[in-house]
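**Student:** only geometry, no sequence info:
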């Protein structure tokens, strides 16, 4: 079977896979991938699974977090580094209770602040900003 022959529901299942949130993703893969020919399997891997940190042998690769980014990368821009540290403190804080609206407002404010930092045309700083966002979203 070719990838274009999958049902809408099967495509939805594949696109909905998130190993960080659910444990049934391997069951979904086992039910769909054996039906596909090799080029179609490769396409599903490249376009869907690899973007979800699933390796070719179908194991989940836990992405680096913001702490590891800060320890591995030298962020040159002072403001970028300061907001990244604040974001890390926020992630690692363990409040007794959560107010969903307040939590969403804080996340939105941090991302908005990060996006508004003037870094000019410095490519390394632009890459640092994108890395901070990416690693913050993996929480």
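**Tutor:** Yep, it's here. Predicted model, so just to flag it, every value in this text is computed and none were measured.
**Student:** mind picking out the helix or strand in the chain with the poorest mean pLDDT?
**Tutor:** The helix or strand of the chain with the lowest confidence, counting by mean pLDDT, DSSP states H and E, is helix 66-72 at a mean of 79.
**Student:** does anything pack onto that helix? Which helices or strands?
**Tutor:** helix 78-92, helix 123-137 (3 or more C-beta pairs under 8 Å, 6 or more residues apart in numbering; DSSP states H and E). Placement of C-beta: from N, CA and C, glycine included.
**Student:** next, the buried residues of that helix.
**Tutor:** Under the neighbour-count criterion of 16 or more other C-beta atoms under 10 Å, helix 66-72 has 66, 69, 70 buried.
**Student:** follow-up on the earlier one: now the helices and strands packed on helix 66-72 as TSV including mean neighbour count?
**Tutor:** Output for those, formatted as TSV (neighbours: other C-beta atoms under 10 Å):
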stretch	mean neighbour count
helix 78-92	16
helix 123-137	16
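**Student:** ok, which of those helices comes nearest residue 58?
**Tutor:** Each of these has some distance to residue 58 by C-beta to C-beta; the shortest is helix 123-137, at 22.9 Å.
**Student:** and the gap between residue 42 and residue 2?
**Tutor:** Residue 42 sits 12 Å away from residue 2, taking C-beta to C-beta, to the nearest Å as the criterion.
**Student:** how about residue 71?
**Tutor:** Where residue 2 is concerned, residue 71 sits at a distance of 45 Å (C-beta to C-beta).
**Student:** please apply the same query to residue 49.
**Tutor:** On the measure of C-beta to C-beta, residue 49 and residue 2 end up 17 Å apart.
**Student:** those two - which one has more neighbours?
**Tutor:** More neighbours sit around residue 49 than around the other of residue 49 and residue 2, counting by other C-beta atoms under 10 Å; the figures are 21 against 11.
**Student:** residues in contact with the more buried one?
**Tutor:** Contacts here follow C-beta atoms under 8 Å, 6 or more residues apart in numbering; on that basis residue 49 touches 14, 17, 29, 58.
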